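>>> everything below, folded, please.
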Amino acid sequence: MGSLGLGPVLAFTAGWVVLSLVSWAAMTLMVRILGSRLPTVVRKFAWLILMAKMVVPLGLALPVGRENPTIRGMEVLSTVGGASPSESGGAAADPGPRPLAALNPGQEIPVESLAALWVLVSGGLVVSRLRSVQKWRRWARRGTPVPTRWMGALETSRRRLGLSHLPRALVLVGLGSPALTGFFRPTLVLPPDAGFTDEQLAWMADHELNHLQAGDTRWLALVQGLTAVFWFLPGLWLSVPRLASAIEADCDRRVLEHRGPSGLSSYARTILAVLELTSSPRSPGTAMAPTRRQLAERFRTLGQVPRPAGLPLALLVGALVVTGIWGLNSPDPILPPGLPWNPGTVWWVTAPFGTTTHPFSGKPYVHTGIDIAERLGSPVICPWAGRVAEVSFEASDRGYFLRVDHGGGWQTLYAHLKALPALRVGDPVAPGQQIALVGQSGLSTGPHLHWEVIHDGKAIDPAPWVRGEPSVR
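All right, here's what the predicted structure looks like:
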């Protein structure tokens, strides 16, 4: 495998972190603005979709090794147009920003080291999660069979919800809140029925079986896994409690829909009663006893009749779309430092990128690359890995030329070569490989290399790769 410059790695990571934070902030703001106009089920799945988008940063692509040389940085190359060439034939006066990858060209990080760091931290968090689950399972093994009062409440709730069967259920002494835990085969753990009225047992049974019907334990387990793997995304961690609150609020809505709004006050008293008795370790699944923040949010939403969303709901969708577009159009990939000649080669720029005077017609025209004067027969080097996209000849302009595709929308073109290159379309090209010789074929005033850098079909100024490099004239 290859290595990556420190600058691109930091830029990529910073872009990912910022994207997650902006996504979280936008969603939080829109949820606050919409309030009761946003249905709880929409809020739950909006957070799930947003968190999925955070871990799949569209538009950010970090290369692995030398096969994919494109790196997405935090700085966008600007196309320099209308630049007047200097009288000496040097580069444009304002060549634009230098690629971020060139900030510390001597510092490189092996890909294996980056992967090892990621796996090490992720593995530690996964082990921590598994130890928590194992601790809960050991505690759950002390469970006793479900007594008659609990079983009656569960059966009544099962029939009301239309479930085919009840999950495995246990009673744990010392447990204050019922909880549903497990991914493939959820288990319902219940507190002793002493201290609860039959009505409160019915509300708790409805609550947990609604979680089971909606598959909420699986969503929470997947989210916990995501935070362990993508541990460096603060927006993801901040979204977890928001999602948990949305899941509980949606469960409350379903419970009251099945039982009717007349039981609102009784249901609220049940939540408070469960909270007073809760002193057990938090379950890795769903639990009826909320945190203080969840409790305040649930009581705000309990019994609220959703109003027509209209424009506010459109704003929420718009916020998701905007953050998605930002991910799709996040900073363009920047090719690492590289020059189309060997170090120590005698060279100088004779024609810059942009508007200049045609050497034969004397009229202004747009020069889509830079002309680099070198000795006839000097080697032409391809700085980056890629594949040959075109090999051809134009007598009236470029002469013998070759175009290489580097992936990610990036291509480079080499023209006025001495002869038709031996490479063919589709041939792989390695970084630093000699691909041709400097010539003066086509419409040329002397031996030189015409070099173009192309992104998404549009020629951009190659000056950022040339600026700061020593030249001899």
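>>> tell me if residue 201 really is in a helix.
Yes - residue state for residue 201 (DSSP: H, G, I helix; E, B strand; the rest coil) corresponds to a helix.
>>> residue ranges in the protein under the pLDDT threshold?
Along the chain, the parts satisfying pLDDT under 70 run over 1-9, 11, 36, 57-112, 176, 261, 277-339, 341-347, 466-473.
>>> which parts of it are helices?
Assignment of helices within the chain using DSSP state H yields the ranges 6-34, 40-55, 111-140, 148-161, 198-214, 216-229, 234-259, 264-277, 292-301, 310-328, 463-466.
>>> report the separation between residue 352 and residue 459.
Remark: distance between residue 352 and residue 459 (C-beta to C-beta, to the nearest Å) = 13 Å. Backbone N, C-alpha and C define where each C-beta goes, glycine included.
>>> I misspoke; the intended subject was residue 177.
Using C-beta to C-beta, one obtains 65 Å as the distance from residue 177 to residue 459.
>>> quick check, residue 264 in contact with residue 256.
Yes - with contact defined as C-beta atoms under 8 Å, residue 264 counts as touching residue 256 (6.4 Å).
>>> which of those two has more neighbours?
Looking at residue 264 and residue 256 with other C-beta atoms under 10 Å, you find the greater number of neighbours at residue 256, namely 18 against 14.
>>> how far away is that one from residue 206?
From residue 256 over to residue 206 the distance is 9 Å, taken as C-beta to C-beta.
>>> likewise for residue 182?
For residue 182 relative to residue 206 (C-beta to C-beta), the value is 19 Å.
>>> between these two, which one's more packed in?
The residue with more neighbours, out of residue 182 and residue 206 and counting by other C-beta under 10 Å, is residue 206; that gives 26 against 22.
>>> for residue 381, see how far away the more buried one is.
72 Å.
>>> can you check residue 47 too?
Computed as C-beta to C-beta, the residue 47 to residue 381 distance reads 50 Å.
>>> of these two, which one has the most company?
Neighbours per residue, other C-beta under 10 Å: of residue 47 and residue 381, the larger number sits with residue 47, 24 against 20.
>>> the more buried one contacts residue 243, correct?
Yes - counting by C-beta under 8 Å, residue 47 does reach residue 243; the two are 4.3 Å apart.
>>> can you count the residues close to residue 157?
Around residue 157 there are 25 other residues, counting by other C-beta under 10 Å.
>>> show me the contacts for it.
Residue 157 is in contact with 202, 205, 206, 209, counting by C-beta atoms under 8 Å, 6 or more residues apart in numbering.
>>> so the third one makes contact with residue 160?
Just to be clear, that refers to residue 206. Yes - with contacts defined as C-beta under 8 Å, residue 206 counts as touching residue 160 at a distance of 7.2 Å.
>>> hey, what's in contact with both of the two?
Residues touching both residue 206 and residue 160 (C-beta under 8 Å, 6+ apart) are residue 258.
>>> number of residues surrounding the closest residue to residue 199 other than its chain neighbours?
Spatial nearest neighbour of residue 199, chain neighbours left out: residue 266 (6.0 Å); criterion: C-beta to C-beta, 6 or more residues apart in numbering. By the other C-beta under 10 Å criterion, the neighbourhood of residue 266 contains 14 residues.
>>> how much space separates residue 266 from residue 149?
Using C-beta to C-beta, we find residue 266 at a distance of 17 Å from residue 149.
>>> please apply the same query to residue 351.
In this view, residue 351 and residue 149 are 90 Å apart by C-beta to C-beta.
>>> who has more neighbours out of these two?
Just comparing residue 351 and residue 149: by other C-beta under 10 Å the higher neighbour count belongs to residue 351, 22 against 15.
>>> any idea what that one is bridged to?
With DSSP bridges as the criterion, the beta-bridge partners of residue 351 are residue 371.
>>> burial check on the nearest residue to residue 406 once chain neighbours are set aside, number of neighbours?
Ranked by C-beta to C-beta, 6+ apart and with sequence neighbours excluded, the top spatial neighbour of residue 406 is residue 386, at 4.0 Å. A count of nearby residues for residue 386, using other C-beta under 10 Å, gives 26.
>>> with residue 375 instead?
Residues within reach of residue 375, counting by other C-beta under 10 Å, total 11.
>>> from residue 435, how far off is it?
17 Å.
>>> excluding its backbone neighbours, what's nearest residue 27?
Spatial nearest neighbour of residue 27, excluding adjacent residues (C-beta to C-beta, 6+ apart): residue 50 at 5.3 Å.
>>> pretty sure the one you found is touching residue 239, no?
Yes - at 6.6 Å, residue 50 and residue 239 qualify as touching, with contact defined as C-beta under 8 Å.
>>> common neighbours of the two, please.
In the contact map built from C-beta under 8 Å, 6+ apart, the residues linked to both residue 50 and residue 239 are 24, 27.
>>> list the contacts of residue 24.
The contact partners of residue 24, by C-beta under 8 Å, 6+ apart, come to 50, 54, 234, 235, 236, 238, 239, 242.
>>> buried subset of these as a ChimeraX selection?
Selecting just the buried residues from those in ChimeraX takes one command, with 16 or more other C-beta atoms under 10 Å as the test:
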select :50,54,235,236,238,239,242
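>>> can I get the contacts of residue 24 in JSON lines with distance to residue 250?
What follows is the contacts of residue 24, written out as JSON lines (distance: C-beta to C-beta, whole Å):
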{"residue": "50", "distance to residue 250": "16"}
{"residue": "54", "distance to residue 250": "21"}
{"residue": "234", "distance to residue 250": "25"}
{"residue": "235", "distance to residue 250": "22"}
{"residue": "236", "distance to residue 250": "20"}
{"residue": "238", "distance to residue 250": "20"}
{"residue": "239", "distance to residue 250": "16"}
{"residue": "242", "distance to residue 250": "13"}
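>>> just to check, the residue nearest to residue 406 is in contact with residue 405?
Yes - Residue 386 is within contact range of residue 405, at 5.3 Å (criterion: C-beta under 8 Å).
>>> what touches both of those two?
The contact sets of residue 386 and residue 405 overlap at residue 411 (C-beta under 8 Å, 6+ apart).
>>> re the thing from before, looking at the helices of the chain, which is nearest to residue 409?
Shortest separation from residue 409 across those is recorded for helix 310-328, at 12.9 Å, computed as C-beta to C-beta.
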